[in-house]
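Peer 1: what's the 3D shape of this:
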Amino acid sequence: MISSTNIAQAVYELSQKEHNGAALSDNLVLYLEKNHALALLPNVIAQLQYLQSRDDAYATIRITSPYAMDKKILGTITKTLDATDAPQELQQQPELIGGFVAEYKGVVYDASVQTQLTNLKQALTL
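Peer 2: Numbering: from 1, shown residues only. Alright, predicted model coming up:
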């Protein structure tokens, strides 16, 4: 028998392509009824919520800097990373000294003074 995780993955992928959520929901329930698997519905829903929260976190740009950044600098960073429409999470971390660290779609962009100093120190001690 197919698992609730597999069902949720298939429904989630379809929901990204299909804009008629009501029809997709109806078809899901019909499929589960037909296969005597309505008991899986709570697990499917929980898995769908997990998949959505995972993708939301993945699509959020996280910017850490030692100081509060003005909107112009934030705009430049988000435009450079092609993340102008992405939700933003901003943090301050004084240890960075200057610059910033941005994370977007699983990639870390480290332009901090702290990392540059660490790299210079390593290069000089070789």
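Peer 1: confirm residue 63 sits in a strand?
Peer 2: Yes. Using DSSP: H, G, I helix; E, B strand; the rest coil, the secondary structure at residue 63 is a strand.
Peer 1: so what's it up against?
Peer 2: Taking C-beta atoms under 8 Å, 6 or more residues apart in numbering, we find residue 63 in contact with 69, 74, 77, 88-91, 100-102. Backbone N, C-alpha and C define where each C-beta goes, glycine included.
Peer 1: try it again at 10 Å.
Peer 2: 69, 73-74, 77-78, 81, 83, 88-92, 100-104, 109 (C-beta atoms under 10 Å, 6 or more residues apart in numbering).
Peer 1: residues in contact with stretch 9-27?
Peer 2: Residues beyond stretch 9-27 that count as contacts (C-beta under 10 Å, 6+ apart) turn out to be 2-3, 28, 31, 44-45, 47-48, 50-52, 54-55.
Peer 1: so residue 48 is in contact with residue 40, correct?
Peer 2: No. With contact defined as C-beta atoms under 10 Å, residue 48 does not reach residue 40; the gap is 11.8 Å.
Peer 1: anything in contact with each of the two?
Peer 2: Residues touching both residue 48 and residue 40 (C-beta under 10 Å, 6+ apart): 4, 7-8.
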